[in-house]
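**Student:** sharing a sequence plus its predicted fold:
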Amino acid sequence: MTRLMIALCLTLAACVSTPGEDPLTRRLIGAKVIYDLPEGSEGPPRSQTWAADGTTVFDRGAGLFGGLDHGRWEVRGSRYCSDFADKPRPPAEWTCWRVALSDQGRRIRFTEITGEWIPLFQREYEGEFAE
């Protein structure tokens, strides 16, 4: 009888539980990435944090062009998409990126997905998770 009750509880829990998030979403929620400085650059590094509510903060560091950019984010399939516009835009207008994890998940690289055949000004950010 006890086994039957345990099996029933496990079955009910599986029926009402929500499907798990994808691995990239799980890796980003609550994480902070410190981005590599461009070669020859000095100053504080840029960083970014992600919250479970779909908000993100990009810290441009101190100085004349420093400050915090607040945005929204989500993972669509294998792509990371974000929007930092002052006024919220429809998700179809967000910028999407290819994401690659390396060094056993300690490093991450975002490569902008452009609609051009030969991307001349494709942005790329690479950094390390702050643990």
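**Tutor:** Alright, I've got the coordinates. Keep in mind the model is a prediction, meaning the values are calculated, not measured.

**Student:** next one: the residue nearest the centre of the chain from residue 40, what distance?
**Tutor:** The centre of the chain sits closest to residue 28, judged by CA atoms, centre = their mean, with a distance of 4.9 Å. According to CB to CB, to the nearest Å, residue 28 and residue 40 sit 29 Å apart. Where C-beta positions appear, they are placed from N, C-alpha and C, glycine not excepted.

**Student:** quick revisit: contacting residues around the closest residue to the residue nearest to the centre of the chain other than its chain neighbours?
**Tutor:** Of all residues not flanking residue 28 in the chain, residue 50 sits nearest, at 4.2 Å (CB to CB, 6 or more residues apart in numbering). Going by CB atoms under 8 Å, 6 or more residues apart in numbering, residue 50 touches 28, 29, 30, 31, 56, 73.

**Student:** rerun at 10 Å
**Tutor:** Counting by CB atoms under 10 Å, 6 or more residues apart in numbering, residue 50 makes contact with 25, 27-33, 56-57, 71, 73, 80, 82.

**Student:** partners of it in the sheet?
**Tutor:** residue 56 (DSSP bridges).

**Student:** how near is it to residue 25?
**Tutor:** 9 Å.

**Student:** ok, now residue 127?
**Tutor:** For residue 127, the distance to residue 25 - CB to CB - is 18 Å.

**Student:** which of those two has more residues huddled nearby?
**Tutor:** Shown here are residue 127 and residue 25; by other CB atoms under 10 Å, residue 127 has more neighbours (19 against 16).
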